[in-house]
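Asker: what shape does this take:
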Amino acid sequence: MKKYLLSFLLVGSFAVAQNLTIEETVLGPRKYAPTTQTAQQWRKDSKSITYLSTDFSSLVEKSAANGWTALTLATKAEFETALKSKITNDEFTIRTFPFSINWKTINTFETEVAGKKNNYKVTYDVVSKQITSVISYNIEGAQAKFASNNNVAWLQENNIRITTPERKVIEVTNDENKAIVNGSDYVHRQEFGIDRGMWWNEKGTQLAYYRKDETMVANYPLTNWNEREAINKDIKYPMAGMTSENVTLVIYDVASGKKVTIQTGEPKDQYLTMVSWEPTGKHIFIGILNREQNFLKFNKYDVATGAFVKTLFMEKATTWVEPQHPLTFVPNNPTQFIYQTDFFGFNQIYLYNTDGKLLKNLGFNDVVVKDVLGFDATNTKINYIGTTNNGLDRQLFQVDLKSGKTIQLTTISGTHTASVSSDGTMILDQYSNLTTPNEISILNIKNKMANTSLVKAENPFTGKIDLPKIEFVTLTSPDGKTPLNGRLIYPSNFDATKKYPVMVYVYGGSHAQLVNNRWLGGAGFFDIYMAQKGYVVFTLDNRGSDSRGKKFCEVTHRNLGVNEMADQMKGIEFLKSKSFVDAEKIGVFGWSYGGFMTTSLMTNHSDVFKVGVAGGPVIDWKYYEIMYGERYMDTPQENPEGYEKTSLLNKAKDLKGRLLVIHGAQDPVVVQQHSMNFIEACIKAGKQVDYFLYPNHEHNVGGRDRIHMYAKIADYFDLHLKK
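Answerer: All right, here's what the predicted structure looks like:
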């Protein structure tokens, strides 16, 4: 267990550090951000890194050749001048140097900019200060995908357009029915790692795209209150156990205009995932996942005919199979690829050939692969970020494809975002941990030692904000063997002889982790704000949450909330064992899945939790969407007992404490029907419950309205728990 105390600090002779304001719970992360290098990366084929100046007006370089001294490589003014010189028939307003750049050569990078008439992808030469190439497409185009031959595919509402290098616009699809959606990344509700709906082949001559038919899915109304007369904005929202969308994959040939639908077969409501072109362009690979989400077939198809060629491998599970990543082909070897899966316990990487033969298990211990960074200069090793320290840390690893030998390239405990230089000799390493705001160094890859420290950030709160004490705790789950990571924030001016109220901040669902070994331990500014107001603030990552492997997660299957609550109650046992905790003043706050957990704890353990704030809560899983809900709960028809057991509509009668439910009126993720039906159940049970609606917000409350939300939550705890 690691502990630390950030002491009370004096500024000058008289000024003292202050607490966060309610505005700083939202604006503070920018105001008190540790010193860093924004948008840093290796410059291609060099021993240099680039990043943006602190005012974002310039691209700065640090190089081994000049002792890592900062030099301006290009300015916003130079870039804007080059842009206007190259593209004379459009207007540009460049407020900052481009944040997102992709180095193509040692002297040129690509970036995207928007003009008044069109969108552009441009190549800029930092030596000549010239734009060397331009690709344009319609200003109204969305989700653009660029091909190697400068074709660009983009979306116009539900249809696909291609702009050629000659600026000819090809209408790939022309579906008038908005329920036929082509090329969008919003397929299968972006589950299964889906982040795009179009894929170019390597030559840029053929485009693969999703065609989603959701005509059979009922319209779900979301009320827009901004109009003179409120109107409904209908969305397609397939709920668990109901009719789902049908998706196919189509190949479009640019030269001939021919379309081929890949023969993925029946049933039509299966999921198509992991779409990957073979480098030769002759075949395309698709993961076919059944609606039950427990059987994956990874198939190979002939692009010319759409015909099925073979199944490379299959994954079956009694719980679920959840593909998350497309293939990564080995450079210069079109017959070998890297596949990521958690099927064997931890998300790790495996080397296969295109016949489906497993060549090498590249996994390492119980490390969970979080981000594959790519191959080294020789294409014989892969660099990736993976977890250590029971999921708390992130470290850089390198694995050799031939031997399978893995080495850990970063060693200091914490959260690292690191990358390797083109020549494979140096590491650009950035990390933070509980007590370290931010450090950036150049490491020697052979001995993993720092050659040069580029940034060593001071505590940004020093002399400004009095930070409370934060520490990690490790508890054991009710199974008696699984360690759970927790974070404890002590009240400001902590006095061990006093008793303090508690705010438990919870999420608890999959693909999320609240406790990390990074600056402030992953705590949000609202957590710190509440601690400064005199609360013990506690967070526990229960089983079911992220970065601990499949077994850690799948205990939730068919009974969402049950084991998660059991783990959270271990956290309550820990809190009650502390003499400074007022066991009669324990409250809980969470959003989305955390709203579900909050309401579950308030109703299932009503004698423990006196106050709760549930934001955007799932109340009954039968009202949640198919792709997520059925993975964990199966359908209501298959698992009626599980849905009945976890429904909070059945638990409204057990509510004793004060509960505030908050919802965004246009929430398309956890639709308002959840909280409205819970309120109705409370009314029928004679239970008082508080309800607040944010009319112009979706699943969360953003912008300055978030300040209003945090003020409301803090006031609610003060009114009903603190006093």
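Asker: do you have the helices of the stretch 51-200 of the chain handy? List them.
Answerer: Under the criterion DSSP state H, counting those that start in this stretch, helices of the stretch 51-200 of the chain are mapped to 76-86.
Asker: could you pull out the buried residues of stretch 353-363?
Answerer: Across stretch 353-363, burial judged by 16 or more other C-beta atoms under 10 Å covers 354, 360, 362-363. Placement of C-beta: from N, CA and C, glycine included.
Asker: over to stretch 601-616?
Answerer: In stretch 601-616, counting by 16+ other C-beta under 10 Å, buried: 601-606, 608-616.
Asker: same question, stretch 238-257
Answerer: Buried residues in stretch 238-257, counting neighbours by 16+ other C-beta under 10 Å, are found at 238-241, 244-252, 254.
Asker: got it, and stretch 457-471?
Answerer: Under the neighbour-count criterion of 16+ other C-beta under 10 Å, stretch 457-471 has 457, 459-461, 464-471 buried.
Asker: out of these, list just those in strands.
Answerer: 470-471 (DSSP state E).
Asker: quick one: which two of the buried residues of stretch 457-471 are the most distant?
Answerer: Taking C-beta to C-beta as the measure, those span a maximum distance of 22.1 Å, between 464 and 471.
Asker: from the middle of its chain, how far away would the one helix or strand residue 680 maps to be?
Answerer: Taking DSSP states H and E as the definition, residue 680 sits inside helix 673-684. With C-alpha atoms, centre = their mean, to the nearest Å as the basis, helix 673-684 stands 31 Å off its chain's centre.
Asker: so which elements touch the helix or strand following that helix?
Answerer: Scanning forward in sequence from helix 673-684 by DSSP H and E, the next helix or strand is strand 690-694. Judged by 3 or more C-beta pairs under 8 Å, 6 or more residues apart in numbering; DSSP states H and E, the packing partners of strand 690-694 are strand 658-664, helix 705-717.
Asker: hmm, 7 Å instead?
Answerer: The contact analysis (3 or more C-beta pairs under 7 Å, 6 or more residues apart in numbering; DSSP states H and E) places strand 690-694 against strand 658-664.
Asker: which residues are contacting the strand it packs on?
Answerer: Contacts to strand 658-664, defined as C-beta atoms under 7 Å, 6 or more residues apart in numbering, come from residues 602, 611-617, 672, 675, 678-679, 689-694, 697-701, 709, 716, 720.
Asker: now that strand and strand 690-694, what's the angle there?
Answerer: 20 degrees (axes from the mean of the first three to the mean of the last three C-alpha atoms, to 10 degrees).
Asker: so what are the sheet partners of strand 658-664 and their directions?
Answerer: In the sheet, strand 658-664 lines up against strand 609-615 (parallel), strand 690-694 (parallel) (DSSP bridges).
Asker: and these as TSV, adding distance to residue 264 and mean pLDDT?
Answerer: TSV is the format used below for the strands paired with strand 658-664 (distance: least, C-beta to C-beta, whole Å; pLDDT from 0 to 100):
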stretch	distance to residue 264	mean pLDDT
strand 609-615	39	98
strand 690-694	41	97
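Asker: which one of those strands lies closest to residue 169?
Answerer: Short answer: strand 690-694, nearest of the strands paired with strand 658-664 by C-beta to C-beta, at 40.3 Å.
Asker: how about the helices in the stretch 451-600 of the chain?
Answerer: Here the stretch 451-600 of the chain has its helices, by DSSP H, counting those that start in this stretch, at 525-532, 550-554, 562-576, 593-604.
Asker: so which of the buried residues of stretch 238-257 is the closest to residue 137?
Answerer: Using C-beta to C-beta, the buried residues of stretch 238-257 come closest to residue 137 at residue 254, 14.5 Å.
Asker: I figured that closest one was touching residue 205, is that so?
Answerer: Yes: the pair residue 254 and residue 205 passes the contact test of C-beta atoms under 7 Å, sitting 5.7 Å apart.
Asker: will you turn the buried residues of stretch 457-471 into a markdown table that also has pLDDT?
Answerer: Converted to a markdown table, those look like this (pLDDT from 0 to 100):
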| residue | pLDDT |
| --- | --- |
| 457 | 98 |
| 459 | 98 |
| 460 | 98 |
| 461 | 97 |
| 464 | 96 |
| 465 | 96 |
| 466 | 95 |
| 467 | 96 |
| 468 | 97 |
| 469 | 98 |
| 470 | 98 |
| 471 | 98 |
